[in-house]
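Colleague: here's my sequence, what's the structure:
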Amino acid sequence: MENEFLDNTSLISYSNNIYEKTDFTAISEIKLTENKGVIKWVNTYGIHYQEAYKKVIYQNKLDDFLIKLLSDEEHPNKVILLDDLLFVTTRVLITESQKSDSEQMIFIVSSDFLWSIQEKSGDYFNWIRERLGGNKGIVRKKKADYLLFLLLESIVDNYQDTYEENAELSADKLNSTHIKPTPEFTSLVEKRKQELFNFKKATLSLRDTITKLEKMEIDGFEVKYFSELKEQTTNLISNIDFELQELESKINLIFSIQGHRLNEVMKTLTILSVIFIPLTFLAGIYGMNFENIPELKFKYSYFILLAAMVIITLISVWYFKRKKWF
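Modeller: Numbering: from 1, shown residues only. Prediction:
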């Protein structure tokens with residue numbers, strides 16, 4: 001288990017003039033609190049290495065309450081202030097998955113180091129690693145608080161890009177000109193609504209974490225960066241809410257179209273019924289088997305009855321037309 005932990009753990013050390021990437025061969029090599037002025041970013045894939053976490057915490061003399069926090073398998077959103085460090089955890093939506101999948105992300109942050117623990121392999125942070133390696137931007141001039149800001153910003157940007165991509169695809173499939181009251185179209189709308197609900201839940205969760213970070217007070221930790229992130233998440237939630245309202249309008253329009261079509265069918269059937277009721281009445285009278293129906297013996301009775309039926313039909317149609325019932 002220890003070797004597996006080491007295989008899934010890497011270190012990037014950097015400052016304005018230093019950049020070094022390290023893989024570990026022993027847990028004793030993971031030293032977070034040495035070399036002041038050099039920022040260390042340790043990244044681990046996997047949240048189940050409890051014994052390894054315990055050793056790292058003890059040998060670096062970190063707050064031992066971290067052992068209890070890391071032993072919890074399911075975390076709600078937490079931002080906890082410990083001795084000169086922050087414990088941050090949030091659940092992040094995996095946007096590459098076709099299913100509604102998510103993973104736990106944990107960040108242990110002080111002014112000089114950041115330890116990111118991710119439930120699953122793979123992330124959206126390669127551009128940050130490239131910036132650190134190429135000394136691009138200001139990231140190597142900043143402390144670990146700015147690195148945490150970039151990691152959270154990367155998650156927010158991924159949400160934003162994925163949302164915009166899916167919104168564009170959805171707009172093509174669910175264009176207002178293509179609205180059809182069919183089960184297939186309704187299924188597409190409901191599927192998109194479920195996707196948006198998942199995005200909204202994940203974004204709200206992330207905004208809650210960012211809001212808590214914004215209120216933290218810790219030496220050497222700047223919270224000014226997180227105001228921008230909160231604004232980005234708020235804008236994304238607003239866009240999601242707007243699209244949800246549009247989809248709800250489309251569902252209501254489908255029901256209105258179905259109701260209108262049903263009313264048209266019922267109106268047609270009602271008009272036909274009203275036209276044929278007097279004709280059925282006349283046919284019923286002269287279809288009775290009484291012996292004494294004098295007009296039946298009249299030579300032109302049949303033609304007179306047909307003429308009466310035609311006249312009744314024409315009058316009924318004229319009346320309905322006049323009332324603009326069809």
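Colleague: switch to C-alpha atoms for all contacts and neighbour counts from now on
Modeller: OK.
Colleague: any idea how far the residue nearest to the spatial centre of the chain lies from Y163?
Modeller: In the chain, the C-alpha nearest the mean C-alpha coordinate belongs to F199, at 2.4 Å (Cα atoms, centre = their mean). To Y163, F199 is 8 Å away according to Cα to Cα, to the nearest Å.
Colleague: next: E153.
Modeller: 15 Å.
Colleague: residues contacting the residue nearest to the centre of the chain?
Modeller: F199 makes contacts with 93, 159, 163, 240, as judged by Cα atoms under 8 Å, 6 or more residues apart in numbering.
Colleague: quick one: average pLDDT of the longest helix seen in the chain?
Modeller: Scanning the chain for the helix with the most residues, using DSSP state H, yields helix 226-285. Helix 226-285 carries an average pLDDT of 86.
Colleague: same check on stretch 21-37?
Modeller: pLDDT averaged over stretch 21-37 gives 82.
Colleague: what comes up buried for it?
Modeller: By 16 or more other Cα atoms under 10 Å, the buried positions in stretch 21-37 come out as 24, 27, 30-33.
Colleague: circling back to that earlier point, who are the packing partners of the longest helix of the chain?
Modeller: Applying 3 or more Cα pairs under 8 Å, 6 or more residues apart in numbering; DSSP states H and E, we find helix 226-285 packed against helix 144-173, helix 183-214, helix 301-322.
Colleague: what's the domain layout of the protein?
Modeller: Annotated domains of the chain cover 2-255, 266-322 [automatic domain parsing].
Colleague: ranking those domains by burial, who's on top?
Modeller: Each of the domains of the chain was scored by mean neighbour count; the highest is domain 2-255, a mean of 17, by mean count of other Cα atoms under 10 Å.
Colleague: from the chain's centroid, how far away is that domain?
Modeller: Chain-centre distance of domain 2-255: 16 Å, with Cα atoms, centre = their mean, to the nearest Å.
Colleague: measure that domain end to end?
Modeller: Start-to-end span of domain 2-255 (Cα to Cα) is 59 Å.
Colleague: picking up where we left off before, want to try a markdown table for the helices and strands packed on helix 226-285, with distance to N263 and mean pLDDT as columns?
Modeller: Converted to a markdown table, those look like this (distance: least, Cα to Cα, whole Å; pLDDT from 0 to 100):
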| stretch | distance to N263 | mean pLDDT |
| --- | --- | --- |
| helix 144-173 | 28 | 83 |
| helix 183-214 | 20 | 85 |
| helix 301-322 | 16 | 87 |
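Colleague: nearest to E103, of the ones you listed?
Modeller: Closest approach to E103 among these (Cα to Cα): helix 183-214, 10.7 Å.
Colleague: about what we covered before: including distance to K61, could the helices and strands packed on helix 226-285 go into TSV?
Modeller: Converted to TSV, those look like this (distance: least, Cα to Cα, whole Å):
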stretch	distance to K61
helix 144-173	18
helix 183-214	24
helix 301-322	91
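Colleague: for those helices, which one sits closest to N252?
Modeller: Nearest of the helices and strands packed on helix 226-285 to N252, taken as Cα to Cα: helix 183-214 at 10.6 Å.
Colleague: and that closest one with helix 144-173, angle?
Modeller: Following axes from the mean of the first three to the mean of the last three Cα atoms, to 10 degrees, one obtains 170 degrees for the angle between helix 183-214 and helix 144-173.
Colleague: taking helix 226-285 as reference, get the angle to helix 183-214.
Modeller: 160 degrees.
Colleague: isn't F226 up against I210?
Modeller: Yes: at 6.3 Å, F226 counts as touching I210 under the criterion of Cα atoms under 8 Å.
Colleague: so what are the sheet partners of the helix or strand where K40 lies and their directions?
Modeller: K40 belongs to strand 39-45 when assigned by DSSP states H and E. Sheet pairing of strand 39-45 (DSSP bridges) gives strand 9-14 (antiparallel), strand 113-118 (parallel).
Colleague: let's verify W325: helix, strand, or coil?
Modeller: At W325 the chain is in coil, as set by DSSP: H, G, I helix; E, B strand; the rest coil.
Colleague: contacting residues around it?
Modeller: W325 touches nothing, counting by Cα under 8 Å, 6+ apart.
Colleague: likewise for K215?
Modeller: Contact partners of K215, counting by Cα under 8 Å, 6+ apart, are V223.
Colleague: dump stretch 284-295 to CSV, keeping only the CA atoms.
Modeller: Taking C-alpha atoms only, stretch 284-295 is exported to CSV below (Å, rounded to 0.1, in the frame of the first residue of the first chain):
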residue,chain,number,x,y,z
GLY,A,284,-84.3,6.0,-36.2
ILE,A,285,-87.9,7.1,-36.5
TYR,A,286,-88.4,5.7,-40.0
GLY,A,287,-86.5,2.5,-39.1
MET,A,288,-89.1,1.5,-36.5
ASN,A,289,-91.2,-1.5,-37.2
PHE,A,290,-94.7,-0.1,-36.7
GLU,A,291,-97.3,-1.1,-39.2
ASN,A,292,-99.0,2.3,-39.4
ILE,A,293,-96.5,4.8,-40.6
PRO,A,294,-98.5,6.5,-43.4
GLU,A,295,-95.7,8.4,-45.1
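Colleague: run the chain-centre distance for it.
Modeller: On Cα atoms, centre = their mean, the centre of stretch 284-295 falls 73 Å from the chain's centre.
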